[in-house]
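Participant: pasting a predicted model and its sequence here:
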Number of protein chains: 2
Amino acid sequence: MFNLWREQKIFHCLAGWRDELYPIFGKDHKPLLVIERAGGGLLGIRHFGVHINGYVRDKDENGKPIIKMWIAKRALTKQTFPDMYDNIVAGGLPVGQTPIECAIRECMEEAYFPPEIAKRVVPVGAVTYTFYNFDGIKPENQYLYDLELSKDDLPKINDGEVQSFNLWDFDKITEVLKNHEFCPTAGLIVIEFMIRHGIITPNNEKDYLDIISSFHNDIGFPGPAHC
Amino acid sequence: MFNLWREQKIFHCLAGWRDELYPIFGKDHKPLLVIERAGGGLLGIRHFGVHINGYVRDKDENGKPIIKMWIAKRALTKQTFPDMYDNIVAGGLPVGQTPIECAIRECMEEAYFPPEIAKRVVPVGAVTYTFYNFDGIKPENQYLYDLELSKDDLPKINDGEVQSFNLWDFDKITEVLKNHEFCPTAGLIVIEFMIRHGIITPNNEKDYLDIISSFHNDIGFPGPAHC
């Protein structure tokens, strides 16, 4: 069906055919069928991905401990959200890979981190949201990993999906967030990181509780199990 | 109204009158009115509290880094969930206090931690769930704080709400969780901590995504702002 629609150029999204299969899960958490990723939004199926928060513990000019975060700038050639800021490493979860396998693979592909660094990722939860545009509706789950990096663990541009990496404090990151320069998913995930690490608090954000609920909605269709 | 019902002994919950006021919030996050805490479930109003995860970084017998958590055993005389396990420090959020003020006060009252320890709490998010029993319906938000303790930062029984404190690894905590020996809120909050610290992962828990969504529901009525 997608092949026919693609030939007939009925849906814009199918022009971006990726040759990458996405699963639809049954109640037992097992895949019922797989479909081409580019058409997922047409069916409103759940999408799954992995995002890695690469951060460095440092001190400010007064010697107070602070956290800085590595932020990638997406390549100008990216199909979605070119030239916008993103997490250091992120990717869609393909059929047959567990989130941690995907995280370690993407660490190498996107930031040239070898497995001895990538294996230090810590699973810290997940976010859920529903994304929609003219390509369809995408309820998305992102599995989240924190990766503490030393000052010597430098990301390197590897696969051409990134144009630069920037190590920023959260004053700078907040400014970029407010300017809407993050791609939407990464912006949300950076906010989640800031909540989990005590940077956004009940004392500085009046919508604290609403923000937390807003990116943890129950999607209502079954998802995968990885064990 | 609550006073009349209390005299007439119409509702069981009003026998446990606490002389503690709980607010109902308007859309601007400001309190519209306050009511006696014991009757909150009759109106289904949002309840707010603070829970502190007191934890210690240690090593197992092979030298591998592990986290242990301080778990309180509630006093036999507690009105709710006597003799069950709980977080090291927890309490309802009274009118006029911010979550951090409440956290620091409860640290002293429940675990005899002085402000220099209590002030190290880090806000790490919140959980939401709806609790119901024969006393009514309670949509609850708990503001969560992590408190890293050294081996010398020992909690002490202070106000008689706790009968013992136990520093346990997560094998022991998981066993106690499975035996339903935690009071419900603390059980849920311990699970949230285990997810956030990479102890429960997508690779060892098949309902990972569903669990995360389940305790972050949007309640749908306004809550407070603390700034």
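Facilitator: Arrived safely, thanks for sending. Numbers count the residues shown, from 1 in each chain, chains lettered A, B, ... in the order given.
Participant: assign residue A:177 to helix, strand or coil.
Facilitator: Under DSSP: H, G, I helix; E, B strand; the rest coil, the three-state class of residue A:177 is helix.
Participant: that one reaches residue A:191, doesn't it?
Facilitator: Yes. With contacts defined as C-beta atoms under 8 Å, residue A:177 counts as touching residue A:191 at a distance of 7.2 Å. In this view, the C-beta of every residue, glycine as well, is placed from N, C-alpha and C.
Participant: higher neighbour count, these two?
Facilitator: Applying other C-beta atoms under 10 Å in any protein chain shown to residue A:177 and residue A:191 shows that residue A:191 carries more neighbours, namely 22 against 18.
Participant: strands along chain A, start to end?
Facilitator: Here chain A has its strands, by DSSP state E, at A:21-25, A:31-36, A:47-59, A:65-74, A:85-87, A:89-92, A:122-133, A:136-148, A:162-169.
Participant: indicate which one of those is closest to chain B.
Facilitator: Among the strands of chain A, strand A:122-133 comes nearest to chain B, with 4.0 Å by C-beta to the nearest C-beta.
Participant: buried residues of that closest one, list them for me.
Facilitator: A:123-129 (16 or more other C-beta atoms under 10 Å in any protein chain shown).
Participant: tell me what it is packed against?
Facilitator: strand A:136-148, helix A:184-196, helix B:184-196, helix B:208-214 (3 or more C-beta pairs under 8 Å, 6 or more residues apart in numbering or on different chains; DSSP states H and E).
Participant: out of those, nearest to residue B:79?
Facilitator: In terms of C-beta to C-beta, the element of the helices and strands packed on strand A:122-133 nearest to residue B:79 is helix B:184-196, at 14.3 Å.
Participant: bridging residues for the nearest residue to residue A:154 once chain neighbours are set aside?
Facilitator: Spatial nearest neighbour of residue A:154, chain neighbours left out: residue A:165 (7.8 Å); criterion: C-beta to C-beta, 6 or more residues apart in numbering or on different chains. Following DSSP bridges, residue A:165 is listed with bridge partners residue A:72.
Participant: I'd say residue A:91 and residue A:104 touch.
Facilitator: No. Using C-beta under 8 Å, residue A:91 makes no contact with residue A:104, being 11.0 Å away.
Participant: looking at those two, which has the bigger crowd around it?
Facilitator: Counted by other C-beta under 10 Å, residue A:91 and residue A:104 do not tie: residue A:104 has more neighbours, with 23 against 19.
Participant: residue contacts, the most centrally placed residue in chain A?
Facilitator: Relative to the mean C-alpha position of chain A, the nearest C-alpha, by C-alpha atoms, centre = their mean, is the one of residue A:51, at 3.7 Å. By C-beta atoms under 8 Å, 6 or more residues apart in numbering or on different chains, the contact set of residue A:51 is A:87, A:89-90, A:142-145, A:185-186, A:189.
Participant: could you do residue A:26 as well?
Facilitator: A:32, A:222.
Participant: so which bits of chain A are right by chain B?
Facilitator: A:29, A:98-100, A:122-126, A:128, A:141, A:143, A:195-198, A:201-210, A:212-214, A:216-219, A:223, A:225-227 (C-beta under 8 Å from any C-beta of the partner chain).
Participant: make it 7 Å
Facilitator: A:29, A:98-100, A:122-126, A:128, A:141, A:143, A:195-196, A:198, A:201-206, A:209, A:212-214, A:216-218, A:223, A:225-227 (C-beta under 7 Å from any C-beta of the partner chain).
Participant: show me which of those are buried.
Facilitator: Buried among the residues of chain A next to chain B (16+ other C-beta under 10 Å): A:29, A:98-100, A:123-126, A:128, A:141, A:143, A:195-196, A:201-202, A:205-206, A:209, A:212-214, A:216-217, A:223, A:225-226.
Participant: so where's chain A uncertain?
Facilitator: Low-confidence regions of chain A, defined by pLDDT under 70, are absent; no residue qualifies.
Participant: residue ranges of each domain in it, please.
Facilitator: Domain segmentation of chain A under automatic domain parsing yields A:1-45, A:47-214.
Participant: what distance separates the longest one from the centre of its chain?
Facilitator: The chain centroid and the centroid of domain A:47-214 are separated by 6 Å under C-alpha atoms, centre = their mean, to the nearest Å.
Participant: repeat that for the shortest one.
Facilitator: In terms of C-alpha atoms, centre = their mean, the centre of domain A:1-45 is found 20 Å from the chain centre.
Participant: and the residue of chain A positioned farthest from its centre, backbone torsions?
Facilitator: Distance from the C-alpha centroid of chain A peaks at residue A:62, with 33.1 Å (C-alpha atoms, centre = their mean). When read as degrees, to the nearest 10, the backbone of residue A:62 gives phi -90, psi 10.
Participant: returning to that earlier point: can I get the strands of chain A in a markdown table with distance to residue B:12?
Facilitator: Output for the strands of chain A, formatted as a markdown table (distance: least, C-beta to C-beta, whole Å):
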| stretch | distance to residue B:12 |
| --- | --- |
| strand A:21-25 | 44 |
| strand A:31-36 | 48 |
| strand A:47-59 | 46 |
| strand A:65-74 | 48 |
| strand A:85-87 | 51 |
| strand A:89-92 | 52 |
| strand A:122-133 | 38 |
| strand A:136-148 | 42 |
| strand A:162-169 | 54 |
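Participant: what count of nearby residues applies to the closest residue to residue A:78 other than its chain neighbours?
Facilitator: In space, and not counting its chain neighbours, residue A:78 is closest to residue A:161: 6.2 Å by C-beta to C-beta, 6+ apart. By the criterion of other C-beta under 10 Å, residue A:161 has 18 neighbours.
Participant: hang on, residue A:161 packs against residue A:77?
Facilitator: No. Taking C-beta atoms under 7 Å as the definition, residue A:161 is not a contact partner of residue A:77, at 8.3 Å.
Participant: residues in contact with the nearest residue to residue A:47 once chain neighbours are set aside?
Facilitator: Excluding the flanking residues, the one nearest residue A:47 by C-beta to C-beta, 6+ apart is residue A:140, at 4.5 Å. Contacts for residue A:140 (C-beta atoms under 7 Å, 6 or more residues apart in numbering or on different chains) come out as A:47, A:49, A:128-129, A:131.
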